[in-house]
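A.B. asks: Pasting a predicted model and its sequence here:
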Amino acid sequence: MSLKTKTRLNERQLADIVRRPIITEKATQQLEFNKYVFDVSPKANKADIKAAIEQLFDVKVIKVNAYNPPQKKRRVGQFIGHRAHYKRAVVTLAEGSSIELFPEV
């Protein structure tokens, strides 16, 4: 099944899928290959992520790789819990497309 299928969400819901871009050393190195890393909603699928990125940043997305990292434990005093669940997406853009993560002031 290709990503060209119609998404199940409307335009307003697509804006809520992408939470924030990830700016780490590894993510910054991937910018050379026109790949961008985002935290996305855990319930979003690849087609929804592709549609959201294309709508928000007005770019052409070639490929979306999404993964769920393992939960990390968190301790507050004697209570043990887990950090909030999140999903990561690595988005590959078409040649000539780019997202301005660091805007000029």
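C.D. replies: Looks like it came in fine. Numbering: from 1, shown residues only.
A.B. asks: Give the other helices and strands that the longest helix along the chain contacts.
C.D. replies: Counting residues, the longest helix found in the chain (DSSP state H) is helix 46-57. Here helix 46-57 touches helix 11-15, strand 18-21, strand 35-40, strand 61-67, strand 87-93, going by 3 or more C-beta pairs under 8 Å, 6 or more residues apart in numbering; DSSP states H and E. Heads up, the C-betas are built off the backbone N, CA and C, glycines and all.
A.B. asks: tell me how far the helix or strand of the chain with the lowest mean pLDDT is from the chain's mean position?
C.D. replies: One helix or strand of the chain scores below all others by mean pLDDT, DSSP states H and E: helix 11-15, with a mean of 84. On the basis of C-alpha atoms, centre = their mean, to the nearest Å, helix 11-15 is displaced by 14 Å from the centre of the chain it belongs to.
A.B. asks: So what touches that helix?
C.D. replies: When contacts are defined by C-beta atoms under 8 Å, 6 or more residues apart in numbering, helix 11-15 is touched by residues 7, 48, 51-52, 55-56.
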